[in-house]
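Visitor: attaching a predicted model along with its sequence, questions to come.
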Amino acid sequence: MSPFERLRRTIVHRILGVGDTPRRIAWGMFLGTMVGFTPTLGFQIMIYLALATLLRANKISGIPILFISNPLTAVPLYWSCWRVGAWVLGTHVDREDVHLEDRLAHAESEAAETDLWTDLWTEQFWTDLWQTFLEMGQEMWMGSLVLGLTCAVPLSLLTYWGVRVYRRARGPG
């Protein structure tokens, strides 16, 4: 099965074809997109399910979009969030920030050269990851919020429209 066929099936069966109201499905997509941009890799499904339950969103429709952040996309995604957040907050790039950019670039090149699955089990990996998150805190969260909203609003509107069109095309029953 081609990647496009897999994507089409995911969209049709796991989002548009979910048995819920279009509003709740779109709301689930909105929440899933917002959570997908947060620097909470590894906890996103739990966070999403808790939010979807509390806010009465569809619990299934937002799960596929959560995978926008994964071990392969984490560095470019979170770096983009950090840069947007720094711009929004007016944080100037100083020597420490340049050092942080160099560390991120170095981490990305190291990730390509090393076995990520082996590194995930080392204490040093998690210590370095935690230290990077602490250094990027405010900017990353602000950027996550801005980029999340920038993507979540149109995606949820498109989902709402898509569910309605899909159901109209399928006809009654």
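Guide: Sure thing, it's come through.

Visitor: report the separation between Trp121 and Leu134.
Guide: Distance of Trp121 to Leu134, computed by CB to CB, to the nearest Å: 22 Å. (C-beta placed from N, C-alpha, C; glycine too.)

Visitor: likewise for Cys151?
Guide: 26 Å.

Visitor: so which of the two has more stuff around it?
Guide: Cys151 (17 against 8; other CB atoms under 10 Å).

Visitor: report the central residue of the protein.
Guide: The chain has Gly36 as the residue nearest its centroid, 2.1 Å off, counting by CA atoms, centre = their mean.

Visitor: so which elements touch the strand or helix carrying it?
Guide: Using DSSP states H and E, Gly36 sits in helix 22-37. Applying 3 or more CB pairs under 8 Å, 6 or more residues apart in numbering; DSSP states H and E, one finds that helix 22-37 contacts helix 44-54, helix 63-66, helix 123-170.

Visitor: may I have it as CSV, with CA atoms only?
Guide: Taking C-alpha atoms only, helix 22-37 is exported to CSV below (Å, rounded to 0.1, in the frame of the first residue of the first chain):
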residue,chain,number,x,y,z
PRO,A,22,-18.8,17.1,13.1
ARG,A,23,-18.3,19.7,15.9
ARG,A,24,-16.8,17.1,18.4
ILE,A,25,-14.6,15.5,15.7
ALA,A,26,-13.3,19.0,14.7
TRP,A,27,-12.8,19.9,18.3
GLY,A,28,-10.8,16.7,18.8
MET,A,29,-8.6,17.6,15.8
PHE,A,30,-8.1,21.1,17.3
LEU,A,31,-7.0,19.7,20.6
GLY,A,32,-4.8,17.0,19.0
THR,A,33,-3.0,19.6,16.9
MET,A,34,-2.4,21.8,19.9
VAL,A,35,-1.1,19.0,22.0
GLY,A,36,1.0,17.7,19.0
PHE,A,37,3.0,20.9,19.0
